[in-house]
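Colleague: Need coordinates for the below:
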Amino acid sequence: MPKLITSTKILQDQIQKIYDSNTAYVSIDTEFVRQSSYFPKVGIIQIGHSKGTLVIDALSCDLDILKPLLFNENIIKVFHSARQDLEIFYKIYGDVPYPLSDLQLSAGFLGFGQQVSLEALADTYLNIQLKKIHRYGDWLERPLDNALVTYAYEDAATIYKLYPVVQKKLKDIGRLDWPQDLLNDLQKWPIILQSPENILKKCRHDLIDDHHIKVFYALALWREGQAIFFDKPRAHIINDHTMCVLLKAYPLLKSDYKAILCHNDPKSYALRHQDLRKNLFLYLGDLFEGKVSIDLDLESFQIKKSIDKLLKETVNKAAQNLDIPVNFLLSAAELLALSQNDQNISNLPQWKQDALNSVL
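Modeller: Just a heads-up that it's a prediction; the model follows:
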């Protein structure tokens with residue numbers, strides 16, 4: 001039965017064994033909770049290698065011990081569905097592990113679609129049936145149940161076994177280097193995650209007036225700052241619908257704010273936290289009265305960017321021919337740039353040029 005590493009000294013000794021093995025890659029996985037927080041709270045970090053798998057108690061061990069390994073340029077760090085893992089490491093170290101690979105992303109170039117599960121890959125390539133019944137366990141509880149430790153161990157061990165299999169499959173069909181653009185983008189993910197464009201594209205409103213829409217987006221960015229400060233999910237601060245109700249009802253008295261929050265978002269942090277509710281009242285007033293400038297280009301955040309229909313059909317057809325997700329062939333930014341003649345096909349990687357030229 002795998003054991004949870006709770007001692008920094010033992011962890012240091014185990015990491016040294018990884019270096020001594022001269023391994024070319026390790027698998028990395030994390031277990032965390034974030035149902036009631038803005039940032040994921042990591043409980044376990046797993047590292048798979050040629051001699052075994054480490055299940056590390058992130059609450060007990062000094063995680064600085066892991067940094068030299070995670071950022072060792074000679075060792076590839078292999079994840080499955082890496083985005084939230086990278087968010088965790090970025091929060092801890094201010095950067096993401098590199099070089100890296102992502103099984104889910106790589107498998108997209110093997111006909112598995114965009115979000116293939118680890119279970120599906122393990123079943124297909126290793127004939128291993130993973131049990132995911134503990135996926136949503138309480139990873140911060142101590143002592144940690146042995147079943148959770150075993151679950152964490154098996155995930156990282158499976159990722160380690162799958163990596164050479166997936167790489168060989170890619171190599172056999174001449175696609176070994178195809179994921180590289182997406183891996184490069186993945187390394188920037190924690191920064192992209194905090195960009196205004198990424199934050200606002202998740203917001204939903206039913207507003208018509210352009211000024212209301214601008215105020216809504218400015219309020220959404222304010223909400224993001226509050227969510228980070230209080231470490232609460234953004235929707236727990238105040239939800240999109242309630243923001244729209246407030247905007248449509250403006251101007252309001254302080255008592256009106258509380259009544260609207262009670263009716264539309266009774267569990268919101270803005271309702272339960274008096275200072276936050278006061279800040280919301282003042283900030284919304286400043287936005288409407290022009291005391292706070294709204295430096296937002298609606299064209300960047302609304303679906304008004306027209307992409308040439310023929311180009312879209314061409315890209316879709318090329319992706320279908322390759323049996324890969326369309327955004328694996330061209331990102332939204334690449335598609336928009338081509339549509340607006342800001343980028344030439346010849347600037348794309350050769351395999352993308354060949355795919356597009358084959359249907360032109």
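
Colleague: Could I have the CA atoms of stretch 276-286 written out in PDB?
Modeller: C-alpha atoms of stretch 276-286 as PDB (Å, rounded to 0.1, in the frame of the first residue of the first chain):
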ATOM      1  CA  LEU A 276     -18.000  44.600   0.600                       C
ATOM      2  CA  ARG A 277     -21.600  45.600   0.000                       C
ATOM      3  CA  LYS A 278     -20.700  49.300   0.800                       C
ATOM      4  CA  ASN A 279     -17.800  49.100  -1.600                       C
ATOM      5  CA  LEU A 280     -20.100  47.700  -4.300                       C
ATOM      6  CA  PHE A 281     -22.500  50.600  -3.700                       C
ATOM      7  CA  LEU A 282     -19.800  53.200  -4.000                       C
ATOM      8  CA  TYR A 283     -18.000  51.600  -6.900                       C
ATOM      9  CA  LEU A 284     -21.200  51.200  -9.000                       C
ATOM     10  CA  GLY A 285     -22.100  54.900  -8.300                       C
ATOM     11  CA  ASP A 286     -18.600  56.000  -9.400                       C
END
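
Colleague: Low-confidence ranges, this protein, go.
Modeller: Within the chain, the stretches with pLDDT under 70 are 298-308, 342-343.

Colleague: Quick check: chain neighbours aside, which residue is closest to the spatially most central residue of it?
Modeller: What sits nearest the mean C-alpha location of the chain, by Cα atoms, centre = their mean, is R83, with 3.5 Å. Nearest non-adjacent residue to R83, counting by Cβ to Cβ, 6 or more residues apart in numbering: W189, 5.5 Å away. Glycine gets a C-beta too; all of them are placed from N, C-alpha and C.

Colleague: For V96, see how far away that neighbour is.
Modeller: From W189 over to V96 the distance is 7 Å, taken as Cβ to Cβ, to the nearest Å.

Colleague: neighbour-wise, which of these two wins?
Modeller: Taking neighbours as other Cβ atoms under 10 Å, W189 and V96 compare with V96 leading, 22 against 18.

Colleague: Identify the residue spatially nearest to that one, adjacent ones excluded.
Modeller: Excluding the flanking residues, the one nearest V96 by Cβ to Cβ, 6+ apart is L86, at 4.5 Å.

Colleague: Just checking, which helix or strand succeeds whichever strand or helix holds the one you found along the chain?
Modeller: Per DSSP states H and E: L86 is located in helix 83-93. The helix or strand immediately downstream of helix 83-93 is strand 100-102, counting by DSSP H and E.

Colleague: Walk me through which strands that next one pairs with, and which way each runs.
Modeller: When pairing is defined by DSSP bridges, strand 100-102 lines up against strand 76-79 (parallel).

Colleague: what's the helix holding L86 packed up against?
Modeller: strand 25-33, helix 67-70, helix 180-187, helix 189-193 (3 or more Cβ pairs under 8 Å, 6 or more residues apart in numbering; DSSP states H and E).

Colleague: For it, buried residues please.
Modeller: 83, 85-90, 92 (16 or more other Cβ atoms under 10 Å).

Colleague: do the same with stretch 60-78
Modeller: 61, 63, 66, 69-72, 75-78.

Colleague: for stretch 238-253, same thing?
Modeller: Buried-residue list, stretch 238-253, by 16+ other Cβ under 10 Å: 238-240, 242-247, 252.
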